[in-house]
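got a structure for you, letters missing:
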């Protein structure tokens, strides 16, 4: 089931697992909600605040996979999930990654700099 959450990114010879966009969205939303409330985040709460049409059941499945990957912990069965250190590292790294510049803009910048 975890295979639906991740992809394999090739970097030279080494391969690394990356979360897909939906898993990233759920993880980032859990972290942001947890930072605000300091309480475990449940799937129903998240489905109301995430801004995307995902059912609580779908979110629970994603949360379960994220827990298997070490991004979330659950203190007991009926509790919500809490982000781990690994999740916070992922979150900070995603904030630190600069947005990609579209090719058209790169070409325009190059063109303008060559004219000067």
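Here it is on my side, so go on. Keep in mind it's a predicted model, so treat the numbers as computed, not measured. Numbers count the residues shown, from 1 in each chain.

Nearest the middle, which residue of the chain would you pick?
residue 24 (1.9 Å; CA atoms, centre = their mean).

wouldn't that residue be in contact with residue 94 here?
Yes. Proximity of residue 24 to residue 94 meets the contact threshold set by CB atoms under 8 Å, at 7.0 Å. Any C-beta I mention is one placed from the backbone N, CA and C, and that applies to glycine too.

which stretches of the chain have low pLDDT?
Judged by pLDDT under 70, the chain has its weakly predicted residues at 1-17, 97, 116.

hey, where'd the helices end up in it?
In the chain, the segments counted as helices under DSSP state H are 21-37, 43-49, 56-68, 85-96, 103-115.

would you turn these into CSV with distance to residue 75?
Formatted as CSV, the helices of the chain follow (distance: least, CB to CB, whole Å):
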stretch, distance to residue 75
helix 21-37, 13
helix 43-49, 15
helix 56-68, 11
helix 85-96, 15
helix 103-115, 47
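
out of those, which comes closest to residue 74?
Between residue 74 and these, the shortest gap by CB to CB is with helix 56-68, which sits at 6.2 Å.

What are the contacting residues of that closest one?
1-2, 4-5, 22-23, 26-27, 30, 43-44, 46-47, 50, 54, 72-74, 81, 87 (CB atoms under 8 Å, 6 or more residues apart in numbering).

Great, nothing more from me.
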